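[1] Sharing a model prediction with you, sequence too.
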Amino acid sequence: MTFPLTEHREWWIRDSSKLDDYLACRRRFFFSHILGWRSDQPAHDLHFGNAWHVAREHMLIHGYEDVKGAFLAFMQFYREEFPQETDDIYRPKDPTGVAMALNNFADNEERQRDLIDNEVLYTEISGTVPVDETRVLHYRMDSIMRRKEDGKIFSWDHKSAKRFGRPWSEKFHLCIQNGTYTHCLYCMFPIVDVLGVEFCGTCFE
C-alpha cells in the first residue's frame, strides 16, 4: 500500500450494499470499498444469490413453467465459479436445491398468480437517482412490477437462505435497501402509485 491513496471513481458509487456495510462496520467499509481488499476465494453466498437472481429473472420474463430454461440460466452463471465437485460442500444451496425450488414455483398455484395478477415492467435494472442537489444514489433492482388490479407499482427483491426464521425475515423491513429502493421508485413513478418493496424469500433446506 502506498500513500497518499489514489482516488478511485468507485469511491463515489454509493449503493445499498455499501451503505449497509458502512452502517454495520465503518472499518469493514474502509478496507473493502476504499482500499479494495477482497478475499481471493469467491464468496459462495454472494455468487449463489446472483445466480438465483438470473434464474428468477428468467422465470419472470418467460413464465414459471419454463423450469428448464431457468435452471440452465442458473447453471451457466453458477458454474463460472463453482464446479460440480463443490456441490456437496455447499448443500443445500446447490443446483439440486435450485431445481427443487424452481419446480415448486411452477407447481404452486398461489405463485402462479404472480404473473397473472401483475405485469413485469423491468428486470435487473440499474441507474442513479438524486438524493439532493449534488449527490446521487446508485441502484440495481431485481424487478419493477405493476399490479394489474389498480396499476400500483412495486418491486420484488429476491432473497435466498438456508433456513427461515423471524429475525431473518423481519430484518428486511427495516433494512436500508427497503428505503433506498422505495426512494428509487418515488423518483421514477408518481408517489401515489408506489406501493414499495416486497422481499421474496426462497429457503433452501
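    Received it, and whenever you're ready, just let me know what you need. Numbering: from 1, shown residues only.
[2] ok now do the closest residue to Tyr78 other than its chain neighbours, which residues does it touch?
    Of all residues beyond its chain neighbours, the one nearest Tyr78 is Ala51 (4.0 Å), with distances taken as CB to CB, 6 or more residues apart in numbering. The C-beta positions use only the backbone N, C-alpha and C, and glycine is treated the same way. Each residue near Ala51 by CB atoms under 8 Å, 6 or more residues apart in numbering is listed here: Phe74, Phe77, Tyr78, Val98.
[3] Distance check, Ala51 against Asp15.
    Distance check for Ala51 against Asp15: by CB to CB, to the nearest Å, it reads 20 Å.
[4] ranges for the helices of the protein?
    Counting by DSSP state H, the chain forms helices over residues 16-24, 26-29, 44-62, 67-78, 87-90, 95-107, 109-112, 114-117, 166-170, 176-188, given from the N-terminal end onward.
[5] Out of those helices, flag the one nearest Glu133.
    Taking CB to CB as the measure, those were each checked against Glu133, and helix 176-188 came out nearest at 14.1 Å.
[6] got a markdown table for the helices of the chain, with mean pLDDT and distance to Gly196 too?
    Written out in a markdown table, the entries for the helices of the chain read as follows (pLDDT from 0 to 100; distance: least, CB to CB, whole Å):
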| stretch | mean pLDDT | distance to Gly196 |
| --- | --- | --- |
| helix 16-24 | 89 | 14 |
| helix 26-29 | 92 | 26 |
| helix 44-62 | 95 | 18 |
| helix 67-78 | 98 | 26 |
| helix 87-90 | 94 | 32 |
| helix 95-107 | 94 | 23 |
| helix 109-112 | 84 | 20 |
| helix 114-117 | 93 | 17 |
| helix 166-170 | 77 | 15 |
| helix 176-188 | 93 | 5 |
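[7] Can you lay out these as CSV showing distance to His8?
    As requested, the helices of the chain are arranged in CSV below (distance: least, CB to CB, whole Å):
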stretch, distance to His8
helix 16-24, 13
helix 26-29, 14
helix 44-62, 21
helix 67-78, 27
helix 87-90, 32
helix 95-107, 35
helix 109-112, 42
helix 114-117, 40
helix 166-170, 34
helix 176-188, 22
